[in-house]
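Novice: Quick one, structure for this:
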Amino acid sequence: MKEIFCFLFSLSPFFSITLAEGLVILGALWTGYRLLRGEKIKPPVFFWALALFAVFSFLSALFSLDRGISLRDTRELFLYLIPLVVVSCAPGALKKGVILGAGLASFLGIVREVFVRQERLTGFVGHYMTEGGLMMMALIFTLGVLLFEDFRWEYLASAFFILVALLLTLTRSAWVGAVVGALFLLYRKKKLLAGLFIPAVLMVFLISPAKIKERALSIFSLSNPTNVERINMWRVGLKMAKLRPLLGIGQNMASRVYPSYRIKGQPPEEIPHLHNTYLQITVERGLLGILSFLAFVFLALRELWRRKGMALALPALAVVLGFLTSGFFEYNFGDSEVKIAFLIIVSLPFAYNKEVLNDKNSQEA
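Specialist: Numbering: from 1, shown residues only. This is a model prediction of the structure:
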């Protein structure tokens, strides 16, 4: 029963936010019950920085420009209990849930794309950028497992469908994050593989449909409309950050305040968010929020690096690098599905005790 729960838990964010959040609540209750029975559960060190981030998020909402709107957003703070649930889970089931769940979700999403013909693949989560963030992390994680553990054909099949789904989302921030994470893994495996990666990316580019080529080339264009909009957003965001520097203006307030600070005559007129995780957190949760968030990711990177000879540490570390890179161009920590999957993956290596990687050559230069 425990393995089934853990498998469904790590699979759920690729299919349903309602299912994912429900399983987080069930897992938190189960973990709480175990603690009441006197069992010892040791969370990763970064959990405490994440808990501090949750505290500052609540304080930011409490002193928000619109308390009612921001406090409603604090309902998601229970998601930061995910590391406690993960370390109580069966790690093998969690790993399979991420890889096979993402593979199945991407395969079904591609099949649906054949019949529905969307401009950009959205999968089960309803938005192409959310789907792109999920597929980016799943691809990096699966590649890491294929490189540093025993080879499995079903994992390779999952990686193929995840890659195709990621490309069809046309989400450039996720593409960039995937490249960074993959390069790190290939370099850690063998430097030669990292050198061959760029030609492989160029080959994928050459055989891709025209819309993927156009989207990829637009990454480097300063005249591309969406690139111009992002630059304008960031300029306005820096101005907004000065409004309430300590605790910020409150969650879900950046999009509401933006029209008053936007540069007249320059797009966009309205925004859902600032398309930058670090700037969004700074504006809405202030210096205390962004410093606690950065402490969380620093501790996650440090602890994963210290465990680099242990199971799943390098794949998880690569996911963090890809996630952080993507966060410069997208508010990826604002998507609940992405946040759940990210916290599961980054916590997964700590569900193991002292199990080392199967690949004896994982530390080759």
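
Novice: so for the host helix or strand of Ala54, what's the average pLDDT?
Specialist: Using DSSP states H and E, the element containing Ala54 is helix 46-62. Average pLDDT, helix 46-62: 97.

Novice: Ok, stretch 152-163 next?
Specialist: In this model, stretch 152-163 has an average pLDDT of 97.

Novice: what does that stretch contact?
Specialist: Where contact means Cβ atoms under 8 Å, 6 or more residues apart in numbering, the residues beyond stretch 152-163 that reach it are 99-100, 102-104, 106-107, 110, 135, 138-139, 142-143, 145-146. Heads up, the C-betas are built off the backbone N, CA and C, glycines and all.

Novice: OK, contacts around Leu71?
Specialist: 61-62, 64.

Novice: Inside helices: which ones of the contacts of stretch 152-163?
Specialist: 99-100, 102-104, 106-107, 110, 135, 138-139, 142-143, 145-146 (DSSP state H).

Novice: of these, closest to Met233?
Specialist: Met135 (24.2 Å; Cβ to Cβ).

Novice: Identify the residues contacting the closest one.
Specialist: Contacts of Met135 (Cβ under 8 Å, 6+ apart): 102, 106, 123, 162, 165-166, 169, 174.

Novice: rerun that using 10 Å as the cut-off
Specialist: Met135 makes contacts with 14, 102, 105-106, 109, 121, 123, 161-169, 171, 174-175, 178, as judged by Cβ atoms under 10 Å, 6 or more residues apart in numbering.

Novice: Leu35 now?
Specialist: Applying Cβ under 10 Å, 6+ apart, the residues near Leu35 are 41, 84, 88.

Novice: looking at this, it is in a strand?
Specialist: No. Under DSSP: H, G, I helix; E, B strand; the rest coil, Leu35 sits outside any strand and is assigned helix.

Novice: i'd like the first residue to be 490 from this point on
Specialist: Right, with 490 as the first residue, what we last looked at is Leu524.

Novice: re the thing from before, biggest separation within the contacts of stretch 641-652, which pair?
Specialist: The widest separation within the contacts of stretch 641-652 (Cβ to Cβ) is 21.3 Å, between Ile599 and Val634.

Novice: Give me the more crowded residue out of these two.
Specialist: More neighbours surround Val634 than the other of Ile599 and Val634, with 26 against 16 (other Cβ atoms under 10 Å).
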